[in-house]
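Peer 1: Return atomic coordinates for the entry below.
(2 chains)
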Amino acid sequence: MTTFLIIAVIVLFFVVVFQIAKVSEYVSVIKGEENARKQNNKINGFLMLAFMILGLIGVWYCNELLFKKTLLAYPAASNHGEKVDEMLWLTIWVTGSVFVATQILLFWFAFKYQESDKRKVFFFPHSNKLEALWTVVPAIVLAVLVIIGLKNWFSFTGEAPDNALQVEVVGKQFGWVFRYEGADKKFGKKYYKLINDVDNPLGLIWNDNAELNLKDDEKSHDDIVLTQTMYIVKDRPVKLIIGSRDVIHDVGLSHFRMKMDAVPGIPTTMWFTPKYTTTEMKKITNNPNFAYEISCDQMCGNGHYSMKGNIEVVTQAEFDKWMASKPAAYVSAHPEKNPKADSTKPASAAIATAVKSVVKN
Amino acid sequence: MSNEAVLQAESAIATHHEAHGEHHDHHHQETFISKYVFSMDHKMIAKQFLITGMVWAVIGGLMSVLFRLQLGYPDTSFPWLEDLLGKFWAEKGHITAQGYYALVTTHGTVLVFFVLTAGLSGTFANFLIPLQVGARDMASPFMNMLSYWFFFAASIVMVSSIFVETGPFSGGWTAYPPLSALGDASPGSKTGMDLWLVAMALFVVSSLLGGLNYIATVLNMRTKGMSMTRLPLTIWALFFTAVLGVLSFPVLLSGFILLIFDRNFGTSFYLSDIFLTTTNTALPNEGGSAILFQHLFWFLGHPEVYIILLPAMGMVSEILSVNSRKPIFGYMAMIGSLFAIAILAFLVWAHHMFVTGLNPFLGSIFVLLTLLIAVPSAIKVFNWLTTLWRGNIRFTPAMMFAIGFVSLFISGGLTGIWLGNSALDIHLHDTYFVIAHFHIVMGVASMFGMFAGVYHWYPKMYGRYLNTSLGYIHFWITMIGAYLIFWPMHYEGLAGMPRRYYDYSIWESFKNFGELNRFISTVAMIVFAAQILFIANFFYSIWKGRKVTTLNPYGSNTLEWTTPINPGHGNWVGEIPEVHRWPYDYGKDGKEYTSQTTPVGADESHH
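Peer 2: Here you go, the predicted model:
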């Protein structure tokens, strides 16, 4: 019932506005179009000025309300992020001052030069000097911004330092899979046709496979494969090798100010050095629930909005301890081949194999 | 109703019938079909484009209201939505994720292509080119008619995709494969995507037929004395728009054809190494590049934003000059900057792809070329400002929208400097900052250009005025609303909030904008309602508006105001007038305006 009432009110409002507008047109015809036009001109000239003043106040007020919710309210969490923020501030000042100056000119001119019988229009078709001025000045300012931007761009996209921790990040609908190198400090080979979601979500090559013409890659046997949360180390560069299992995703790391697409078939990379552990960041942001989140930033299907991963930034000691607790994916999939454990659990291996064959069929 | 009598007074100067009576070249007996349906009169085709565009704008706008409802009120249930739209779109009173993405995608496609390309340049290129260059019609009226009907066919196919069982395409208007190539990756990529591709292919045909015609007309059909440097800036802008379209739409079509092959014929242009979780299968495709599509897409996609923007720039230049009663400042610089923008439009496409793993060196070239566009844009802005300076401004609704356009173009253009700089784009890419940027600079600004054009040339289109008071109300609500909607989105972007999210509640980093989203959604609904007011005004005024009683109501110099009030097919009665001067002699030698048809006097000053 209320819905209908609301609709009725809206419709009524429309009709009233429409009728008033119609009447005002009749009135203007009676008053004389010239007079009516002049009156409208005055009102709108004044509104232009009012819009400018209220608008600029609005810009300031909006900033008051929202600035503290942006990432600029506290420091960036990576080395690259600090550069990005520096550049952001410079760009804000440059474009911000141009914005204020040109908007003021625009609306001030509109107000000031509204029609008046007294004014004689200034016939001013061109001026080479002025035009040269506003070609050259923006060109110089932009050159400065480009130089700073490209310097940062090349350092962000350049090679990661040698001591970087390498992590593979693979997107799939709708989640993230992470792989660490394991004890041998090398990633083993993988092939997408070996993927199964039971125990080998990345398709690591663990056996010879004549059908697919693949050779067992020993290096893949100690690779650690995880989902949900990725651990990285404070002050140690991390290089992400990014891929996708299905459609294009994007590793979005807003706190580190980094982003890179995950493209099926074409690996991409990204590196940065985290500056604060998750615990430190909780204090900095004054938010006990703070988390470094990986957001998918490329439309990837109906679950796009829920494609979340987490990053824990920890100290090297914490990282080593955590790493030691994680078994290699190969070992989890083949408990009978685990050299450490006693091989008295053939049952679970059989179940895993059975599940695998079910999935494959 | 004596007032009615005043409003409806017959014009004393020229009537429709006189125009026809004296014009013998063309058919005397027009049927309803030949006049209103399969018309070859450029003015009627323009109106067809405009009204179809308006229908699309309402559909596209309504879609944005629906998905804003989800973003603003994610926890509220609206049972009437399910009654109205059904379970597919709104289950239990909530917009579904599938429905949300379908709405977002269709909103984007429709607004970019069907409204701001066909509706904007289709309308004004058709309407203004022959009238302002002094031609009786387009170079090929028949092709022109086909252009509209291909657009109409595209529209029908696009509308039908909304009603298929698996829903319309839902992978974003950019349609990146593999998502758009694989029905198993998203239900929207099934039949809906096939229809989307067919509709877009038809659309490209329409756009090419129109574009070739516009170019041919501007180059070959100008009246005596109308040299290229005497063309109004509207024509220059529409000319460059057509060139952009003709050179870039075929590339988009080629990209779509490869996509059709990947979808239906087992090729691997865009597909490689794919394992689908939904079906638990690895696909046989290997060796394709998903990024290839993005290159092909953005090779059109970037010029496309200028295809949308340039006509608005041209019309705004003309309207600012006419209503300031002052020549456009720096006419040659305006043409030069249009030309520079048109050239650069082809050389910046990869700035949409900075985070795809693009070669960093290649990326740096695109940064340079992208930021270069700011120079011609700055020239245009300052020239517009100088045009207003010491003018004698008449605030017609068209003029208000033109000034609004300049304001929005500044606001949205400046944030382009942020996004074009790749190091910043890494951070801001695919966040709400981008949404704010392109909606202001391309979406709303071009909409404003379109409104300005409609208000300004409506008297020429229908021989009647739009209601001015409604025009002012429409302007102020839209202007204030546009800033209230899109300005705060910059802040969401600076918080890293990704675009195309159905729900933010699970995200610690992005969930504290609920209140703001509610505010934005509410304003969006009000602004949408104001557009309904405009549409009511538009249709009401066709039949009931105040009649135009003088040939040249604005005191304008251009040729369209030398035609009869209701020009017939062929535009001029008798000879087409000869042109003697550029179109911007306003306020010269103390004369308020001097029509292009006035010969240059011996005592006239030079400029």
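
Peer 1: At which residues are the strands of the stretch 51-200 of chain B located?
Peer 2: Secondary structure of the stretch 51-200 of chain B, counting by DSSP state E, counting those that start in this stretch: strands at B:90-91, B:94-95.

Peer 1: Can you confirm whether the first one lies near chain A?
Peer 2: No. For strand B:90-91, no contact with chain A is found by CB under 8 Å from any CB of the partner chain; the gap never falls below 13.0 Å. Every residue, glycine included, has its C-beta placed from N, CA and C.

Peer 1: Provide the strand pairings for that strand, with the direction of each partner.
Peer 2: Looking at strand B:90-91 with DSSP bridges, its partner strands are strand B:94-95 (antiparallel).

Peer 1: Low-confidence ranges, chain B, go.
Peer 2: Low-confidence segments of chain B, defined by pLDDT under 70: B:1-29, B:606-607.

Peer 1: buried set for the top helix by length along it?
Peer 2: With DSSP state H setting the assignment, residue counts place helix B:290-324 as the longest helix in chain B. Residues of helix B:290-324 classed as buried: B:290-291, B:293-324 (neighbour count, 16 or more other CB atoms under 10 Å in any protein chain shown).

Peer 1: What of stretch A:331-339?
Peer 2: By neighbour count on 16+ other CB under 10 Å, the buried set for stretch A:331-339 is A:Val331, A:Ala333, A:His334, A:Pro335.

Peer 1: Among those, which one sits closest to A:Pro138?
Peer 2: A:Ala333 (60.2 Å; CB to CB).

Peer 1: Just want the most central residue of chain B.
Peer 2: Residue closest to the mean C-alpha point of chain B, counted by CA atoms, centre = their mean, is B:Leu116 at 2.0 Å.

Peer 1: Skip the chain neighbours and tell me the closest residue to it.
Peer 2: The shortest distance from B:Leu116 to any non-neighbouring residue, by CB to CB, 6 or more residues apart in numbering or on different chains, is to B:Ile308 (4.4 Å).

Peer 1: got the contact list for the one you found?
Peer 2: B:Val112, B:Leu116, B:Thr117, B:Leu120, B:Met442, B:Ser446 (CB atoms under 8 Å, 6 or more residues apart in numbering or on different chains).

Peer 1: Tabulate the strands of the stretch 51-200 of chain B (TSV), appending mean neighbour count.
Peer 2: Output for these, formatted as TSV (neighbours: other CB atoms under 10 Å in any protein chain shown):
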stretch	mean neighbour count
strand B:90-91	20
strand B:94-95	24
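
Peer 1: Export these as JSON lines, with columns for distance to A:Trp206.
Peer 2: Putting the strands of the stretch 51-200 of chain B into JSON lines (distance: least, CB to CB, whole Å) gives the following:
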{"stretch": "strand B:90-91", "distance to A:Trp206": "43"}
{"stretch": "strand B:94-95", "distance to A:Trp206": "44"}
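
Peer 1: all strands of chain A, in order?
Peer 2: Counting by DSSP state E, the segments of chain A that form strands are A:165-172, A:175-180, A:224-227, A:229-233, A:238-244, A:249-253, A:258-262, A:268-272, A:292-296, A:308-314.

Peer 1: Among those, which comes closest to chain B?
Peer 2: strand A:268-272 (3.4 Å; CB to the nearest CB).

Peer 1: Just give me the closest of the contacts of B:Ile308 to chain A.
Peer 2: Out of these, the member with the shortest distance to chain A (by CB to the nearest CB) is B:Val112, at 15.5 Å.

Peer 1: List the residues that contact B:Ile328.
Peer 2: The contact partners of B:Ile328, by CB under 8 Å, 6+ apart, come to A:Pro125, B:Leu233, B:Ser317, B:Glu318, B:Leu320, B:Ser321, B:Met334, B:Asn383, B:Thr387, B:Tyr584.
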